[in-house]
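K.L.:
Let's see this in three dimensions:
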Amino acid sequence: MRIATWNVNSVRARRQHLLDVLASPDAPDIVLLQELKTEDAGFPSMEVQAAGYHALVSGQKSYNGVAILSRAKPVERLRGLPDGDGDSQARYLEAEIGELIVACVYCPNGNPIGTEKFAYKLAWMERLATRAEAILTTDRPAVIGGDWNICPTEADVWDERAMAADALCQPESRAAWRRMLWQGWTDAWRTLNPLPVPTPSLGYTYWDYQAGAWPRDNGLRIDALLLSPPAAERLTAAGVNRIPRGWDSPSDHTPAWCELAEAA
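P.N.:
Next up is the predicted model:
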């Protein structure tokens, strides 16, 4: 089973790119999408269905938005994180696909630091950690994937000094990521590419549109798939599909993926 996560940065602008990925020979069985930038009605559900996928969508006009696409029909478990106190940002969607629990996350960016946006980022990550811990108590195979808007370590940044004031690289942001790992979640890509790695850029999933970041390979690893212990036991491969980032009018992110062996 191949599971991918991809921040499409507007599903309407990247509609054909999405369909091309779904039609590719190595198309994922499950795709987690972020930053749809459209309400549910604007999602290309019929085209996705024609490509062989069911879709759960939690959209939002102009901003945010997450979706879970699956060849097998997903059953919704949760839309939005609990204890949000009226938080209406479409950043979390959770479903069951057979025995597997899948959660799609679009974590807040948090810039600039020292503002309410950074405080919201940390509070949202706290709520996510609480939900993640509850998922672990089920003892089921589970995947939490998406755009984390966190560079977990210096090895996940093209230039740590250039990013020193960015919310993605702050100690508090990285502590929120580590909390997930300490709970028992496994970072699929990093597990199969442990530090130190000879070519850190192989894990990059994001390149800014500005300053020639893509041709210079000045990227970040901020999109990831975390696996619960029963899922991690079945991990066989993980990688990054760089091809869509090189297409015309691409998203600034590219898909990250992992493969899980079938249950024994």
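
K.L.:
Tell me which stretches of this protein form helices.
P.N.:
Ranges of helices in the chain, per DSSP state H, are 15-22, 45-50, 116-136, 171-183, 188-192, 213-216, 229-232.

K.L.:
Was I right to think W257 contacts R2?
P.N.:
Yes. Between W257 and R2 there is a contact at 5.8 Å, judged by CB atoms under 8 Å. For every residue, glycine as well, the C-beta is placed using N, CA and C.

K.L.:
overlap in contacts of the two?
P.N.:
P28 (CB atoms under 8 Å, 6 or more residues apart in numbering).

K.L.:
Give me the more crowded residue out of the two.
P.N.:
Between W257 and R2, W257 has the larger neighbour count (other CB atoms under 10 Å), namely 23 against 16.

K.L.:
ok, now which ones touch D147?
P.N.:
Contact analysis of D147 by CB under 8 Å, 6+ apart lists 5, 7, 34-35, 105-107, 222-223, 253.

K.L.:
Just these: which are in strands?
P.N.:
5, 7, 34, 105-106, 223 (DSSP state E).

K.L.:
can you put the residues you listed in a markdown table and add pLDDT?
P.N.:
Converted to a markdown table, those look like this (pLDDT from 0 to 100):
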| residue | pLDDT |
| --- | --- |
| T5 | 99 |
| N7 | 98 |
| Q34 | 99 |
| V105 | 99 |
| Y106 | 98 |
| D223 | 98 |
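
K.L.:
Out of these, which is nearest to A13?
P.N.:
N7 (12.4 Å; CB to CB).

K.L.:
among the helices of the chain, which is nearest T205?
P.N.:
helix 188-192 (8.9 Å).

K.L.:
list the helices and strands that closest one packs on?
P.N.:
strand 223-227, strand 235-240, strand 256-260 (3 or more CB pairs under 8 Å, 6 or more residues apart in numbering; DSSP states H and E).

K.L.:
change it to 6 Å
P.N.:
strand 235-240 (3 or more CB pairs under 6 Å, 6 or more residues apart in numbering; DSSP states H and E).

K.L.:
Give the partner strands of the strand it packs on in its sheet and their orientations.
P.N.:
Strand pairing for strand 235-240, determined by DSSP bridges: strand 256-260 (antiparallel).

K.L.:
For the strand it pairs with, which outside residues touch it?
P.N.:
1-5, 28, 188, 205, 223, 225, 234, 236-240 (CB atoms under 6 Å, 6 or more residues apart in numbering).

K.L.:
follow-up on the earlier one: reformat the contacts of D147 as TSV; add distance to A90 and neighbour count.
P.N.:
Output for the contacts of D147, formatted as TSV (distance: CB to CB, whole Å; neighbours: other CB atoms under 10 Å):
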residue	distance to A90	neighbour count
T5	16	29
N7	13	26
Q34	10	30
E35	10	25
V105	11	26
Y106	8	28
C107	13	22
I222	19	23
D223	18	27
H253	17	25
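
K.L.:
Show me which of the contacts of strand 256-260 are buried.
P.N.:
Among these, those classed as buried by 16 or more other CB atoms under 10 Å are 1-5, 28, 188, 205, 223, 225, 234, 238-240.

K.L.:
before we move on, back to that, if we take the contacts of strand 256-260, which one ends up nearest to D40?
P.N.:
T5 (19.8 Å).

K.L.:
The closest one: what's it in contact with?
P.N.:
32, 145-146, 223, 225, 256.

K.L.:
Check G110 too.
P.N.:
Per CB under 6 Å, 6+ apart, neighbours of G110: 117-118, 121, 167.

K.L.:
Show the pLDDT at G212.
P.N.:
We have a pLDDT of 96 for G212.

K.L.:
how close does the closest residue in space to it that isn't next to it in sequence sit to N9?
P.N.:
Closest residue to G212 apart from its sequence neighbours, by CB to CB, 6 or more residues apart in numbering: N218 at 7.6 Å. According to CB to CB, to the nearest Å, N218 stands 18 Å off from N9.

K.L.:
try T254
P.N.:
For T254, the distance to N9 - CB to CB - is 11 Å.

K.L.:
what about those two, which has more around it?
P.N.:
When T254 and N9 are compared for neighbours, T254 comes out ahead with 25 against 19, by other CB under 10 Å.
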